[in-house]
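Trainee: I would like to see how this sequence folds:
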Amino acid sequence: MVLPARQPLGLYTVRIDENGRMKLPVKIKEFLERFPEKTFFCTSFDGRIGQIFPIPVWDRYQEFLDSAEDRAQAKRVKFRAQRLGAEADLDTQGRITLNPMLRTELKLQSQQDLRLVVERGVVQILTPSVYEEMSREGEGDPVGDVNALENAGMGKGIR
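Mentor: Numbering: from 1, shown residues only. You can find the predicted model right below:
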């Protein structure tokens, strides 16, 4: 699948209001608005990280799950996503409402800082605890990681 626009880069900080609405950063809002379908599927595969799927992207994920080799595993993941998920639209102010079941599962609270990042066409919603965990894991050996990737060819051919 070819995305209708370049994905936004970087992490964005957002908050949820008392009604479960999350105002999306302009870059993410503009990215999502480029999809032909204006309804989105908000869910979580693992109960830790939330996802906002444009419907065409969700359809591709469903196709993968429907044809996965481990049918039982795929069925569990798909059921969890359906149980926690709901369709949502962007309002005129660029907000999307996350359903109560998803907010409860992810332990989302109003005025809590959340981080958003777009990966493979999906907006990932990171809670403070998940963000901290990923930050610690992401540090690893920065110099060694970069050196190994450069030795493997990262950046070659770019002038």
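
Trainee: give the contact list for the spatially most central residue of the chain.
Mentor: With distances taken as C-alpha atoms, centre = their mean, Q124 lies nearest the centre of the chain, 1.8 Å away. By C-beta atoms under 8 Å, 6 or more residues apart in numbering, the contact set of Q124 is I49, G50, Q51, L116, V117, V118. Just so you know, the C-beta spots here come from the backbone N, C-alpha and C atoms, and that holds for glycine as well.

Trainee: how near is the residue nearest to the fourth one when sequence neighbours are not counted to A152?
Mentor: Same thing as L116. Take L116 and drop its neighbours on the chain: the residue closest to it by C-beta to C-beta, 6 or more residues apart in numbering is Y12, 4.5 Å away. Per C-beta to C-beta, to the nearest Å, Y12 is found 30 Å from A152.

Trainee: These two: who's more crowded?
Mentor: Each of Y12 and A152 has its neighbours counted (other C-beta atoms under 10 Å); Y12 has more, 16 against 8.

Trainee: Assess the claim that the more buried one and V26 are in contact.
Mentor: No. The criterion here is C-beta atoms under 8 Å, and Y12 misses it with V26 at 9.5 Å.

Trainee: how far does stretch 14-29 stretch from start to finish?
Mentor: 12 Å (C-alpha to C-alpha, to the nearest Å).

Trainee: Many thanks, have a good one.
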